[in-house]
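Asks: what follows is a predicted protein model with its sequence.
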Amino acid sequence: MKILILSASFFLATQMDAQNTRSETNQPDPAKKVLVVEASCGQCNFKLKNQPGCDLAVRIDGKAYFVDGTKIDDHGDAHAEDGFCEAIRKVKVQGEIVDGRFQATYFKLVKKGEKVKSKSKSK
């Protein structure tokens, strides 16, 4: 019985730690501007065709870019009712566009009902 409890405790502890380190994009840089942009599945909703599957993308100033630095499933089930394959969501981001892809250094979903000023200008 002790082994079972110890095993369960170890499993839960490692899973909680994994949630905290899942994405390297969870802290904004206070020296950089945070943009509020649209995010969704690049293939399902932004009509990006240059790679197969379902991949996270952002739309900045009307142009869509695949995202590096975080993945579509890091933010919940992509095929849920409010998932990125089914909906276009507002997100707060920091990063830059490099070689036609958005390199995210910060990426956070805007909560439903949260008031944010949409600003999608990129430097």
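Replies: Received, thanks.
Asks: check contacts around Phe102.
Replies: 57-58, 60, 65-68, 93, 95-96 (CB atoms under 8 Å, 6 or more residues apart in numbering). To be clear about C-beta, it is placed using only N, CA and C from the backbone, and glycine gets the same treatment.
Asks: what sits against the residue nearest to Ile88 when sequence neighbours are not counted?
Replies: Excluding the flanking residues, the one nearest Ile88 by CB to CB, 6 or more residues apart in numbering is Ser40, at 4.3 Å. For Ser40, the contact set (CB under 8 Å, 6+ apart) comprises 46, 56-57, 59, 84-85, 87-89.
Asks: picking up where we left off before, and the contacts of Phe102, which of them are buried?
Replies: By neighbour count, with 16 or more other CB atoms under 10 Å, those hold 57-58, 60, 65-68, 93, 95 as buried.
Asks: list the contacts of the residue lying closest to Ala80 once chain neighbours are set aside.
Replies: Spatial nearest neighbour of Ala80, excluding adjacent residues (CB to CB, 6+ apart): Glu86 at 6.8 Å. Residues near Glu86 by CB under 8 Å, 6+ apart: 44, 78-80.
Asks: rewinding a little: farthest-separated two in the contacts of Ser40?
Replies: The two members of those with the most space between them (CB to CB) are Arg59 and Cys85, at 15.1 Å.
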